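J.: Any chance you can model this:
(chains A, B and C)
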Amino acid sequence: MPEGHTIHRLAHEYATRFTPHPRLSVTSPQAKFADSAALLDGHRLATTEAHGKHLFLGFGPLGWVHIHLGLFGKVNFEDSPPAGPAKTDTVRLRLATPAAEAYADLRGPTTCTLITDAEKQAIHARLGPDPLRDDADPDRARARIQASRTTIAALLMDQKVVAGVGNVYRAEVLFRHGIDPYTPGTAVTGAQWAAIWQDLVDLMREGVRLNRIDTVRPEHTPEAMGRPPRKDDHGGEVYVYRRAAMPCHLCGDEIRTADLAARNLFWCPTCQPA
DNA sequence: ACACCATGTTGAG
DNA sequence: TCAACCTGGTGTT
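T.: Numbers count the residues shown, from 1 in each chain, chains lettered A, B, ... in the order given. Here you go, the predicted model:
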């Protein structure tokens, strides 16, 4: 489930639940992180931060826990005492309140390491602007896009260009703007980029709020169009993502799919003409 | 039981 | 361009 909106939501949820406690229980049943967990155990979570799909848990002078969920990572928050020590060896990191009234288990991340402030800065430096961050400068992304002959579909997924956009937002934002995914960056106009960026800001904020990706405009919902209700099997309502060979909600043409840089791309050939 | 797939990224060739 | 890594849900023997 992890695109940028998920990570920002996690940053907020970790902070809300754990920063009020002056001492946390920090454990890891996995050898990979056990030493770092032991180092942090009994200390306070001071702050949390997200940049794109990267999550940072700040433990003051001890450094930051850098988490990247990859494709499979997940965090499970519980408002009850853990049934026992995190014996499932799939738990990479468990934070728990002092009396164990509540806890959070992290499973399956590609990254979970303790890093220094300087190392964290280096990560920010290699990431593009994040539509969910106040310090984001969309012009930096525009300059990179317009200087590149790579397709806009690939550029939107490049975290050095824009941070936080994944396969769903990529497909959906291109549909919403009627842009062919194979359009080279050099052919994307300033006005088009401004519209895409603003849309990403709105869509991703909504994603944080609802905890799902929902991109269908109110006037295009099945109710509004007088069609039978539909249910996408991945949470929210979308136009093209994972709808290969199904009819486009707007024009009825078949949604297409193709491989692009080892990811599945989806688009409507009629609504997003070359 | 097993195969396959997924909202991601890195490093080797 | 490809394999590797991490987990879990769904569908197939």
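J.: from here on, contacts and neighbour counts on C-alpha atoms
T.: Fine.
J.: how about the residues of the stretch 1-150 of chain A that lie near DNA strand B?
T.: Residues of the stretch 1-150 of chain A lying near DNA strand B by CA under 7 Å from any atom of the strand: A:M1, A:P2, A:E3, A:K53, A:G70, A:L71, A:F72, A:T110.
J.: now with 10 Å?
T.: A:1-6, A:51-54, A:68-73, A:108-111, A:123, A:126-127 (CA under 10 Å from any atom of the strand).
J.: Please list only the buried members of those residues.
T.: A:1-6, A:51-54, A:68-70, A:73, A:108-109, A:111, A:127 (16 or more other CA atoms under 10 Å).
J.: Just the ones in helices from these, please.
T.: A:G4, A:H5, A:T6 (DSSP state H).
J.: so the second one touches A:L203, yeah?
T.: The reference is to A:H5. No. Here A:H5 lies out of contact with A:L203, judged by CA atoms under 8 Å, at a distance of 9.2 Å.
J.: Give the other helices and strands that the longest helix along chain A contacts.
T.: In chain A, with assignment by DSSP H, the single longest helix is helix A:190-210. Counting contacts by 3 or more CA pairs under 8 Å, 6 or more residues apart in numbering; DSSP states H and E, helix A:190-210 packs against helix A:4-18, helix A:138-146, helix A:167-176.
J.: how much distance is there from the longest one to the middle of the chain?
T.: A distance of 11 Å separates the centroid of the chain from that of helix A:4-18, by CA atoms, centre = their mean, to the nearest Å.
J.: ok, now stretch A:179-186?
T.: 23 Å.
J.: again with stretch A:158-171
T.: For stretch A:158-171, the distance to the chain centre is 8 Å (CA atoms, centre = their mean).
J.: Please see if it touches DNA strand B.
T.: Yes. Under the criterion of CA under 10 Å from any atom of the strand, stretch A:158-171 makes contact with DNA strand B via A:158-160, A:162-171.
J.: re the thing from before, redo the helices and strands packed on helix A:190-210 as CSV? Include mean pLDDT.
T.: Putting these into CSV (pLDDT from 0 to 100) gives the following:
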stretch, mean pLDDT
helix A:4-18, 98
helix A:138-146, 98
helix A:167-176, 98
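J.: Using JSON lines, lay out those together with distance to DNA strand C.
T.: Shown next, in JSON lines, are the helices and strands packed on helix A:190-210 (distance: least, CA to the nearest atom of the strand, whole Å):
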{"stretch": "helix A:4-18", "distance to DNA strand C": "16"}
{"stretch": "helix A:138-146", "distance to DNA strand C": "19"}
{"stretch": "helix A:167-176", "distance to DNA strand C": "15"}
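J.: out of everything not next to it in sequence, what's closest to the residue in the stretch 51-200 of chain A positioned nearest to DNA strand C?
T.: Closest approach between the stretch 51-200 of chain A and DNA strand C, counting by CA to the nearest atom of the strand: A:G108, at 3.2 Å. The shortest distance from A:G108 to any non-neighbouring residue, by CA to CA, 6 or more residues apart in numbering, is to A:G73 (4.3 Å).
J.: could you pull out the strands for the stretch 51-200 of chain A?
T.: A:54-58, A:64-68, A:74-78, A:91-96, A:103-107, A:111-115 (DSSP state E, counting those that start in this stretch).
J.: The second one and DNA strand C in contact?
T.: Yes. With CA under 10 Å from any atom of the strand as the measure, strand A:64-68 is seen reaching DNA strand C through A:H68.
J.: what's the answer for the longest one, then?
T.: Yes. Strand A:91-96 lies in contact with DNA strand C when judged by CA under 10 Å from any atom of the strand; the contacting residues are A:V91, A:R92.
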